[in-house]
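A.B. asks: What shape does this take:
(one chain, ligands or ions: 1)
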Amino acid sequence: MASSGKTHFCLYLGSINYLSMLHEILPHRFSNHFEGSTTFAPNSFVLHFNENQVLLKNNGDKFEIPRKTDIKELSSSWHKSYLFALDNTPCFLLHKKPETNNGQLVYKDIYFLRSLEHKEQAWVGATGYHLAGWYARNKYCGNCGSATREKADERALVCPACNTIVYPNIAPAVIVAITSGNKILLARNAGFRNNWYSLIAGYAEIGESLEETVAREVKEEVGIDVTNIKYYKSQPWPFSGSMMIGFFAQANENQPIITDNKEITEAGWFTRGNLPEHPPVLSIAGEMIENFEKYGSNP
Ligand SMILES: [Zn+2]
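C.D. replies: The predicted model follows:
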């Protein structure tokens with residue numbers, strides 16, 4: 001994976017066993033249509049982040065995204081931004097830390113979101129985290145240094161001094177399932193805290209197509225050449241501000257595997273029916289590996 005100082009998206013930690021990818025929340029509906037004038041209604045979800053922690057409400061043995069009514073001091077004038085809606089319920093980002101000493105409100109690591117019983121709330125929390133980071137890093141104009149303001153008609157920040165407009169950014173990254181007949185190439189990432197083997201992944205660099213990113217990352221990380229690079233699906237991965245773009249590719253398994261020993265510490269070919277521990281299907285990596293396990297290289 002190319003470095004560029006971006007958050008390491010391969011740090012998948014434990015999670016409950018969802019049967020689909022994290023962003024697939026049907027029958028719930030996530031709407032990010034921008035409505036700058038949305039009312040801060042009592043049932044609105046409120047998101048606040050403290051570094052890499054998210055504010056949650058401890059409801060007995062369950063954790064949930066808090067509502068406006070859960071935090072008494074929240075008024076309509078609180079410094080906040082409308083983010084998006086879940087099933088028509090608006091979600092707001094709080095820019096100022098609210099009082100949380102009532103015992104019910106606690107900060108948890110953002111990866112804890114994946115253990116929420118309500119998967120749609122996990123998605124709202126994760127996506128809010130991506131946007132919260134963007135707001136926090138763009139308080140000042142990168143061009144002239146003046147304080148930015150929210151644009152009224154779209155999700156953007158604008159500089160009142162030089163009119164620079166800043167839109168939310170997403171880092172495109174490829175993730176590739178390399179197959180050879182009945183085998184798939186899986187690798188252990190140096191950042192994994194468990195025994196998982198997963199797919200090769202990396203960020204697109206400026207000036208290359210996604211197919212070129214696939215070929216380059218595979219060559220850099222495991223030293224082999226791939227052919228027949230085919231798009232599969234994509235998955236927004238807000239924990240690292242990425243868009244994961246999945247590809248299947250083929251390779252001759254007789255090529256020597258040479259790991260970079262930085263990001264990848266171990267890699268090898270594994271046969272269908274005998275795959276090692278790998279990420280669950282809530283990530284696109286898990287879904288692609290499971291699809292190969294079930295259907296072979298042409299899902
Ligand atoms: Zn400016």
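A.B. asks: Residue 104 touches residue 58, doesn't it?
C.D. replies: Yes - using Cβ atoms under 8 Å, residue 104 makes contact with residue 58 at a distance of 5.3 Å. Placement of C-beta: from N, CA and C, glycine included.
A.B. asks: residues in contact with stretch 273-281?
C.D. replies: The contact list for stretch 273-281 (Cβ atoms under 8 Å, 6 or more residues apart in numbering) reads 12, 15, 17-21, 184, 186, 194-198, 270, 285-287, 289-290, 293.
A.B. asks: what about stretch 180-198, how long is it end to end?
C.D. replies: 16 Å (Cα to Cα, to the nearest Å).
A.B. asks: State the pLDDT value of the residue sitting nearest the centre point of the chain.
C.D. replies: By Cα atoms, centre = their mean, the chain has its centre lying nearest to residue 237, at 1.8 Å. Residue 237 carries a pLDDT value of 97.
A.B. asks: Identify the residues contacting residue 107.
C.D. replies: Each residue near residue 107 by Cβ under 8 Å, 6+ apart is listed here: 50, 53-56, 100.
A.B. asks: what's near enough to touch the residue nearest to the centre of the chain?
C.D. replies: Going by Cβ under 8 Å, 6+ apart, the list of residues near residue 237 reads 9, 173, 243-244, 283-284.
A.B. asks: now stretch 179-191: mean pLDDT?
C.D. replies: 94.
A.B. asks: residues of stretch 144-155 that come out buried?
C.D. replies: Across stretch 144-155, burial judged by 16 or more other Cβ atoms under 10 Å covers 148, 155.
A.B. asks: now stretch 184-191
C.D. replies: For stretch 184-191, the neighbour count (16+ other Cβ under 10 Å) marks 184-189 as buried.
A.B. asks: Stretch 26-39 too?
C.D. replies: Within stretch 26-39, the residues scored as buried using 16+ other Cβ under 10 Å are residue 30.
A.B. asks: now stretch 116-133
C.D. replies: 116, 118-133.
A.B. asks: can you check stretch 204-219 too?
C.D. replies: By 16+ other Cβ under 10 Å, the buried positions in stretch 204-219 come out as 204, 210, 213-218.
A.B. asks: ok, of those residues, which one's closest to the ion?
C.D. replies: residue 204 (27.7 Å; Cβ to the ion).
A.B. asks: In this structure that closest one contacts residue 215, no?
C.D. replies: No - under the criterion of Cβ under 8 Å, residue 204 is not in contact with residue 215, lying 11.8 Å apart.
A.B. asks: all strands for the stretch 101-250 of the chain, in order.
C.D. replies: Using DSSP state E, counting those that start in this stretch, the strands of the stretch 101-250 of the chain run over residues 105-109, 149-150, 157-158, 165-166, 171-180, 183-189, 200-203, 227-237, 242-250.
A.B. asks: wait, does the third one contact the ion?
C.D. replies: Which is strand 157-158. No - against the ion, strand 157-158 shows no contacts by Cβ under 5 Å from the ion, the least distance being 8.8 Å.
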